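Peer 1: predicted model follows, preceded by the sequence.
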Amino acid sequence: MSRVRTFLLAVLFLCVFCLPLFSATQEFLSVQVKEGQMRSTPSFLGSVMASLAYGDRVELIEDKGAWKRVAIRGGKIKGWVHMSALSTKKIALRAGTADVQTRATSSELALAGKGFNAKVEAEFKNKNKNIDYTWVDRMEMLAVKPDQMHAFLKQGQVNPPEGVAP
Amino acid sequence: MKRDSLILFLLLPASLVICGCQTMLTATEKVTTQAESIGMIHPSYAQAIKKSTGAVSKSIEEFTPEQEYYIGRSVAAVILTKYQPYTNQPANQYLNLLGQTLAQASDMPEIFRGYRFLVLNSDEINAFATPGGQIFVTRGLLRCCRNEDAVAAVLAHEIGHIQLKHGIQAIKKARITDALTTIAAESARALAPNEVAMLTETFGGAIMDITTTLINNGYSRSFEYEADNAAQTILRRLGYDPNGLVEMLMVMGKNLKSGESGFAKTHPAPQDRIDEIQQKLGIKYSRVRTPDARQARFTKAVGKI
Ligand SMILES: [Zn+2]
């Protein structure tokens, strides 16, 4: 009896103190922006080597302040992603799928397309016909690519000082 | 027997922890805060730990970047009912090249669909930043800039407001609670039509809270100084002269007319901002000197705006 109890207590002990250590060795994060950038170095000056899609799961392998070194495609590609692109929550892209319903706690889920979304915007537009989104949509097309930014800095002789984070 | 008691001795703290989840939460929070305060972990990472611990009991909810994007779109649309866009393509292109590059050097380079900039066709000295990353600057404010470093300072200040989530904080607390309660229910099932209507009403209220603050009331002085502070950091990281902000504020001091709407109403007096920047950041003013190539493109794009 006492041996069984000791054994059970020992298992409990292991669970409480050691499990967090094990789970901490493999941590996954979700991409929370439409298109996240994976860079070769932990800096905004690092070249963009891959782009990540909304909801993508990445494995955290190294932490350097605001920059996280992550792996994608089972470790085949590794690079640095700024923490502002990442969430500790799982992001389920389609609501109402089996995947979403079987997860135990909805509180850990930040569901893509939920809450304030295109549907709510459409309803809001409907009620406020005087509000015009034409230029808001046009602004979206004014995207600047990473190589254009580099060229812009170079052309204007804007020189980021060495070793400045991030 | 001896071994038994040893194990039990080791288990004592463990059982204390198990006794109450609350205790565990508080303890983790405390340790995390301590680790954060002595610089063991980055504040943002500490935040993540606190958050994931919180998720065990009740998650500390907040809007996702996607929702901030939708809030931003409608705030932008409301601003554009009061101000006309300045449809000069070279000016807007220049602003986006400069602004989006600056945003990359901020503490929040990645937002849902990126930062976007647009000039407003108004003589008023004004600028707005939405939580979704849309940033507007009037021709009147651009006329306070005599070089690219000054324009960079203006844009970096607005990026600072977004990075510090000032817009979201302008939403009334009760409204945020309402919205998050409805959204939480949505996690488990699709919303009923009346719930969508409720959410839309809350959404409309949130847009009103933000636009009223941006256009009429302004943020607190401390928010403005925080945004100036963030702007200084961004400018330094990229290699722009931090005096660009001071210089722009000196011209603004001359151009502002009291009683006018815009920054005269919503921002601390330019001289107060200069004092704050110089005192807090120890910047001694010296005239901004920019390379010819940089000055040339500034003049071409917005120099005669
Ligand atoms: Zn401001």
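Peer 2: Done, it's in. Model, not experiment: these values are computed from the prediction.
Peer 1: touching chain A at all, stretch B:284-300?
Peer 2: Yes - applying Cβ under 8 Å from any Cβ of the partner chain, one finds stretch B:284-300 touching chain A at B:290-291, B:293-294, B:297. Any C-beta I mention is one placed from the backbone N, CA and C, and that applies to glycine too.
Peer 1: distance of residue A:77 relative to residue A:30?
Peer 2: Here the criterion is Cβ to Cβ, to the nearest Å. By it, residue A:77 lies 17 Å from residue A:30.
Peer 1: of those two, who's got more company?
Peer 2: residue A:30 (22 against 13; other Cβ atoms under 10 Å in any protein chain shown).
Peer 1: how about the more buried one, nearest residue that isn't a chain neighbour?
Peer 2: Closest residue to residue A:30 apart from its sequence neighbours, by Cβ to Cβ, 6 or more residues apart in numbering or on different chains: residue A:91 at 4.4 Å.
Peer 1: give me the number of residues near that neighbour?
Peer 2: The burial metric for residue A:91, expressed as a neighbour count using other Cβ under 10 Å, is 21.
Peer 1: tell me the phi and psi of it?
Peer 2: Residue A:91 adopts backbone torsions of phi -110, psi 110, taken as degrees, to the nearest 10.
Peer 1: for residue B:110, see how far away it is.
Peer 2: Where residue B:110 is concerned, residue A:91 sits at a distance of 14 Å (Cβ to Cβ).
Peer 1: wait, what's in contact with the closest residue to residue B:130 other than its chain neighbours?
Peer 2: With sequence-adjacent residues excluded and distances taken as Cβ to Cβ, 6+ apart, residue B:130 is closest to residue B:72, at 3.7 Å. Taking Cβ atoms under 8 Å, 6 or more residues apart in numbering or on different chains as the definition of contact, the neighbours of residue B:72 are B:130-134, B:167.
Peer 1: ok, now residue B:243?
Peer 2: Residue B:243 sits next to B:149, B:283, B:285-288 when contact means Cβ under 8 Å, 6+ apart.
Peer 1: where's the dip in pLDDT among those residues?
Peer 2: Within those, residue B:283 has the lowest pLDDT, namely 78.
Peer 1: does residue A:79 belong to a helix, a strand or coil?
Peer 2: For residue A:79, the assignment made with DSSP: H, G, I helix; E, B strand; the rest coil gives strand.
Peer 1: that one contacts residue A:52, correct?
Peer 2: No - in terms of Cβ atoms under 8 Å, residue A:79 does not count as a neighbour of residue A:52; the distance is 9.4 Å.
Peer 1: shared neighbours, the two?
Peer 2: Residues touching both residue A:79 and residue A:52 (Cβ under 8 Å, 6+ apart) are residue A:38.
Peer 1: so what touches stretch B:194-201?
Peer 2: Contacts of stretch B:194-201 (Cβ under 8 Å, 6+ apart): A:115-116, A:119-120, A:123-124, A:127, B:178-179, B:182-183, B:185-186, B:191.
Peer 1: correct me, but the residue nearest to residue A:30 touches residue A:29?
Peer 2: No - counting by Cβ under 8 Å, no contact exists between residue A:91 and residue A:29, whose distance comes to 9.9 Å.
Peer 1: off-centre distance for the top strand by length along chain A?
Peer 2: Ranked by residue count and defined by DSSP state E, the top strand of chain A is strand A:57-64. Centroid separation between strand A:57-64 and its chain, computed with Cα atoms, centre = their mean, to the nearest Å, is 10 Å.
Peer 1: downstream of it, the next helix or strand is which one?
Peer 2: Read in the C-terminal direction, the helix or strand following strand A:57-64 is strand A:67-72, with elements assigned using DSSP states H and E.
Peer 1: settle this for me: residue B:226 is touching residue B:160, isn't it.
Peer 2: Yes - applying Cβ under 8 Å, one finds residue B:226 in contact with residue B:160, separated by 6.9 Å.
Peer 1: of those two, which one has the most company?
Peer 2: When residue B:226 and residue B:160 are compared on other Cβ under 10 Å, the one with more neighbours turns out to be residue B:160, at 25 against 18.
Peer 1: what sits closest to that one if chain neighbours are left out?
Peer 2: Leaving out its chain neighbours, the residue that sits closest to residue B:160 by Cβ to Cβ, 6+ apart is residue B:230, at 3.2 Å.
Peer 1: for that neighbour, give me the pLDDT.
Peer 2: The confidence metric pLDDT takes the value 96 at residue B:230.
Peer 1: distance of it from residue B:164?
Peer 2: Noted for residue B:230: a distance of 6 Å to residue B:164, by Cβ to Cβ.
Peer 1: which one of these two has more residues nearby?
Peer 2: Neighbours per residue, other Cβ under 10 Å: of residue B:230 and residue B:164, the larger number sits with residue B:230, 22 against 18.
Peer 1: over to that one. Which of the three states is it?
Peer 2: helix.
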